[in-house]
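need a 3D model of the following:
(one chain, ligands or ions: 1)
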Amino acid sequence: MVTTRTPLIAGNWKMNLDHLQAIAFVQKLAWSLKDAKHDFSSVEAVVFPPATDLRSVQTLLDADKLELGLGAQDLSSHDSGAYTGEISGAFLRALDVQYVLVGHSERRTLHSEGDDVVASKVAAAHRHGLVPMICVGETAADLEEHGPSAVPVAQLRASLAEVPADAEIVVAYEPVWAIGSGQAATPEQAQQVCAALRQALVEIAGPERAATTRVLYGGSVKSSNIASFLREPDVDGALVGGASLDVAEFTSIVRFRSHVGV
Ligand code: PGA
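Model (predicted):
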């Protein structure tokens, strides 16, 4: 792995844990990482709780000076106004949220978010000083029809249509067939697509931007396979769903460098 990119481990809680459960969970996680003497400057760890938990988690992180990062799972493409149920990037920023997921396959599929919506949400995140974590990935049918990289690369290109080339982003490659299935991609598959995504970034934003942008793998990541992904040169971390809801598992994933053979 290129040392200039600090690995990032992101825990996407999805629609799990209410604000009271979130407080208890983050306290336990902070203790667990502290016990393990985790160095946050060598591996960044970020949690993505549901929107109703963000204020509670932010207050806790602030009060206890915890080094965990805070992310949101979604944002509106609009800044304010008559958009019932939507959450502005400005409100997230006011809660010290640093990252926001955009284009997760569950939103693309269950909420019909196409490339145009994803691009406008990436632009909204950028406007408000949030770093969009842009999720891209192919379905099993896409893989069969187009091969491994075509769909994720096309999604990434489309998602960047409305932001300047130097906008800070994180890319998360999540094959749809690997999410929540227990069937992760192989490290070689992840490397192949992450390298193709980085090459696309070279073309879009130049070699320097591409060299400093983190490209994560996501889809059935757990403590037993994380190290194999992070050994690949173009995989800079992981977006973790199910396993991020277990303190011991998530701690072990964040602590992947302590695993044997890394
Ligand atoms: P999973 O989910 O780790 O449960 O497969 C990943 C994600 O959806 O971000």
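
contacts for the helix or strand containing residue 143 next, please.
If you go by DSSP states H and E, residue 143 is part of helix 140-146. Residues outside helix 140-146 that contact it (Cβ atoms under 8 Å, 6 or more residues apart in numbering) are 138, 150, 151, 175, 176, 177. The way it works is simple: take the backbone N, C-alpha and C, and place the C-beta from them, glycine included.

farthest pair in these?
The span of these, defined through Cβ to Cβ, is set by 150 and 177 at 15.2 Å.

looking at those two, which is more packed in?
Neighbours per residue (other Cβ atoms under 10 Å) separate residue 150 from residue 177, with residue 177 holding more: 18 against 15.

since we're on the closest residue to the ligand within the stretch 101-250 of the chain, how many residues are nearby?
In the stretch 101-250 of the chain, the residue that lies nearest the ligand is residue 241 (2.3 Å; Cβ to the nearest ligand atom). Residue 241 has 22 neighbours, counted by other Cβ under 10 Å.

any idea how far it is from residue 212?
Applying Cβ to Cβ, to the nearest Å, the value for residue 241 to residue 212 is 26 Å.

contacts only, for residue 220.
Each residue near residue 220 by Cβ under 8 Å, 6+ apart is listed here: 178, 179, 180, 181, 182, 183, 184, 242.

same thing but at 6 Å, please
For residue 220, the contact set (Cβ atoms under 6 Å, 6 or more residues apart in numbering) comprises 178, 181, 182, 184.

ok so, going back, identify the residues contacting the residue of the stretch 101-250 of the chain closest to the ligand.
So residue 241 contacts residue 12 (Cβ under 6 Å, 6+ apart).

state the pLDDT value of it.
According to the prediction, residue 241 has pLDDT 98.

cool, and residue 262?
Value listed for residue 262 in the pLDDT field: 59.

the longest helix in the protein is where?
Taking DSSP state H as the assignment, the helix of the chain that covers the most residues is helix 187-205.

name the next helix or strand downstream of it, please.
Next along the chain from helix 187-205, counting by DSSP H and E, comes helix 207-212.

what mean pLDDT does the helix or strand just after that next one get?
Remark: after helix 207-212, the chain's next helix or strand is strand 215-218, criterion DSSP H and E. In this model, strand 215-218 has a mean pLDDT of 98.

ok, now stretch 90-108?
98.

ok, now stretch 180-197?
97.

just stretch 13-24 next, same as before
Taken as a whole, stretch 13-24 has a mean pLDDT of 98.

and the residue nearest to residue 214 when sequence neighbours are not counted, what is it in contact with?
Nearest-residue entry for residue 214: residue 236, 4.0 Å, with adjacent residues in sequence omitted and distances by Cβ to Cβ, 6 or more residues apart in numbering. By Cβ under 6 Å, 6+ apart, residue 236 lies in contact with 5, 7, 214, 215.
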